[in-house]
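Colleague: need coordinates for the following:
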Amino acid sequence: MIPLYEAIRSRNPRGLPYGEAVQFFLWAFCTTGFLPENLRSDPIGKEQLIEVFEALTADGLILQPRVTGDGLSHKSTTVVSWADLVGEFLSERIQLDEGFLERAQKYI
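Modeller: Model (predicted):
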């Protein structure tokens, strides 16, 4: 498996909240500068990111937004497929969270 997958999986055995996973994916798509040095040497493209995050989802390590009794999510997070995420970002329907870079170290 891709080293990024192994690094995220080992650092987050209880999973990542979906919103944080989305930000991780988008930031990794834009830059590898926030990743540890050993993960920066291999190029990470859109397809590799999709593979990594689909595998994490399949392993139950992406924590989906909780839905309350009224059917509404506790946060206004719309779940987007990993394959569609870059398109959503490029069309400005999803924004980068500048604060994520400060939080990223707890996930990687």
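
Colleague: quick check: which ranges of this structure have low pLDDT?
Modeller: 1, 66-78 (pLDDT under 70).

Colleague: all the helices of it, residue numbers only.
Modeller: 3-11, 18-30, 37-40, 46-58, 82-90, 100-103 (DSSP state H).

Colleague: helices or strands up against the fifth one?
Modeller: So the one you mean is helix 82-90. Judged by 3 or more C-beta pairs under 8 Å, 6 or more residues apart in numbering; DSSP states H and E, helix 82-90 is in contact with helix 18-30, helix 46-58. For every residue, glycine as well, the C-beta is placed using N, CA and C.

Colleague: touching the first one from outside, list them.
Modeller: This points to helix 18-30. 4, 8, 16, 34-35, 44, 46, 49, 53, 56, 62-65, 75, 77, 79-80, 82, 85-86, 89, 94, 96-97, 100-101, 103-104, 107-108 (C-beta atoms under 8 Å, 6 or more residues apart in numbering).

Colleague: and if you look at the last one?
Modeller: Residues from elsewhere that reach helix 46-58 (C-beta under 8 Å, 6+ apart): 1-2, 4-5, 8-9, 16, 21, 25, 28-29, 62, 82-83, 86.

Colleague: let's see 7 Å
Modeller: 1-2, 4-5, 8-9, 21, 25, 28-29, 62, 82-83, 86 (C-beta atoms under 7 Å, 6 or more residues apart in numbering).

Colleague: residue closest to the middle of the protein?
Modeller: Taking C-alpha atoms, centre = their mean as the criterion, Ala21 is the residue nearest the geometric centre of the chain, at 2.5 Å.

Colleague: about what we covered before: and the contacts of helix 46-58, which of them are buried?
Modeller: Buried members of the contacts of helix 46-58, counted by 16 or more other C-beta atoms under 10 Å: Leu4, Tyr5, Ile8, Arg9, Ala21, Phe25, Ala28, Phe29, Ile62, Trp82, Val86.

Colleague: good, wrapping up.
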